[in-house]
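1. have a look at this fold, sequence not included:
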């Protein structure tokens, strides 16, 4: 995923930069009347990949400044906030169950299992990015709309809240039965005091967002845009029960239910820009 996103961005950026050069020196020196802009955008965010199925739909908000170097290329910084809440209902139904066969001469077909319910583990990313924006068609003072491609390499402060929960210990002689599990012990508390991996954490990371967009009245005092960004964040630590097998080895793993992997996402953003 990471290599594909970076490769796609490099190919598109190279192609668009070549197109911009083909405009010639005269056109590239031509400026539109309003070549500065302050923008804000927001919208829903979605995780990608089975390994991060424990998170529900999130949201993002971003604000920044853009300078049009010419009628094709814009550049500027932005600050964004992206958040995903942990959602056990988004995970596989069996990702919270861990079963093992117990060899017992008195009960030769005995199985034990734990069912765990977790809470917390929300992930947020506060990112500082450099926005590189390339218009497919040169912008003019009377342009009604523009279609563009953008790349946003960023550095980010990734935070995760505490993870808490409890589990129930059960046993059965019929692991395929629906009502034959006997509760042996319940309310087994999970928390950072006993399991350090569950404690809140903050990491410095980075990545890139790439995508297309459409802007209405790009050279007017107020312009409006919608864009889709496909992003990859370098490995961070987050909750992923689906990354573990439903076995005792997983349940008693000191790192469970955490993984440290890349965090791919898709963002749909609606925004407005004040141009001057």
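-> Happy to help now that I have it. For clarity, every value in this text was computed on a predicted model and none was experimentally measured.

2. what are the buried residues along the helix or strand where residue 207 lies?
-> Secondary structure from DSSP states H and E places residue 207 in strand 201-216. By neighbour count with 16 or more other C-beta atoms under 10 Å, strand 201-216 contains the buried residues 201, 205, 207, 208, 209, 210, 211, 213, 215. Quick note: C-beta positions are derived from backbone N, CA and C, even for glycine.

3. which pLDDT value goes with the closest residue to residue 273 other than its chain neighbours?
-> Excluding the flanking residues, the one nearest residue 273 by C-beta to C-beta, 6 or more residues apart in numbering is residue 39, at 3.9 Å. Predicted confidence (pLDDT) for residue 39: 98.

4. can you name the residues bridging to residue 39?
-> Taking DSSP bridges as the rule, residue 39 bridges to residue 64, residue 273.

5. in contact with it, which residues are there?
-> With contact set as C-beta atoms under 8 Å, 6 or more residues apart in numbering, residue 39 has these partners: 62, 63, 64, 65, 66, 78, 225, 271, 272, 273, 274.

6. run the last query once more with 10 Å
-> 62-66, 76, 78, 131, 215, 223-225, 271-275 (C-beta atoms under 10 Å, 6 or more residues apart in numbering).

7. likewise for residue 125?
-> By C-beta under 10 Å, 6+ apart, the contact list for residue 125 reads 45, 58, 60, 80-84, 154, 156-159, 203, 205, 207, 231, 233, 236, 263, 265.

8. what about 6 Å?
-> 82, 156, 158 (C-beta atoms under 6 Å, 6 or more residues apart in numbering).

9. give the bridge partners for it, please.
-> Counting by DSSP bridges, the residues bridging with residue 125 are residue 82, residue 158.

10. separation between it and residue 132?
-> Separation of residue 125 from residue 132 (C-beta to C-beta, to the nearest Å): 20 Å.

11. quick check: residue 122 vs residue 84, distance?
-> From residue 122 across to residue 84, the span is 7 Å (C-beta to C-beta).

12. the more surrounded of those two?
-> residue 84 (26 against 21; other C-beta atoms under 10 Å).

13. and the spatially closest residue to that one that is not a sequence neighbour, what pLDDT?
-> Nearest non-adjacent residue to residue 84, counting by C-beta to C-beta, 6+ apart: residue 58, 3.8 Å away. At residue 58, the pLDDT value in this model is 94.

14. quick check: pLDDT value at residue 94.
-> At residue 94, pLDDT is 60.

15. where does the protein have low pLDDT?
-> For the chain, the stretches flagged by pLDDT under 70 are 1-31, 50-51, 53, 92-95, 105, 107-109, 175-179.

16. having no further points to raise, I will conclude here.
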